[in-house]
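A.B. asks: Generate coordinates for the sequence data below:
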Amino acid sequence: LRVAHEEALAKHMSAHEEHAERVRRMATDELKSAEDSAAQAMAKLQSEGEEVVASLKQGHAHEVSQLQSKLDELKRMHDEQSTELKSGHAKELEARLKELDDAA
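C.D. replies: Predicted structure coming up:
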């Protein structure tokens, strides 16, 4: 009876150990799967983040380009007006000098 009990106990303990080993393998597999999923999610987030940064840089470059074009146009207009004013002022001075010369 004692031998039969010890054999039954040993068989029972062996079954527990096998079950524990299966549970450990399953937990290890699930952990590995979760780690892989987390790594894939991080890679995807990093890629999406890089795309957002690139898009923002591209948008910023476009805005800067537009502003530079507007600034160049304003400078050109200022130069034209300045030239016109100088030319007009020079003509007025020449006319005034001529009047003074004529009066003298």
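A.B. asks: Next one: Leu97 from Thr83, what distance?
C.D. replies: In this structure, Leu97 and Thr83 are 21 Å apart, going by C-beta to C-beta, to the nearest Å. Using the backbone N, CA and C atoms, a C-beta is placed for each residue, glycine as well.
A.B. asks: What of Gln68?
C.D. replies: Distance, Gln68 to Thr83, using C-beta to C-beta: 22 Å.
A.B. asks: repeat for Asp29
C.D. replies: Asp29 sits 80 Å away from Thr83, taking C-beta to C-beta as the criterion.
A.B. asks: Please apply the same query to Lys70.
C.D. replies: Taking C-beta to C-beta, one finds Lys70 at 20 Å from Thr83.
A.B. asks: do the same with Glu63
C.D. replies: Glu63 is 30 Å from Thr83, by C-beta to C-beta.
A.B. asks: again with Gln66
C.D. replies: In terms of C-beta to C-beta, Gln66 sits 26 Å off from Thr83.
A.B. asks: So what's the model's average confidence on the helix or strand containing His5?
C.D. replies: Using DSSP states H and E, His5 sits in helix 2-103. Throughout helix 2-103, pLDDT has a mean value of 94.
A.B. asks: roughly how far apart are Val23 and Asp29?
C.D. replies: Between Val23 and Asp29 the distance is 11 Å, computed by C-beta to C-beta.
A.B. asks: which residues do these two both contact?
C.D. replies: With C-beta atoms under 8 Å, 6 or more residues apart in numbering applied, the contact sets of Val23 and Asp29 do not overlap.
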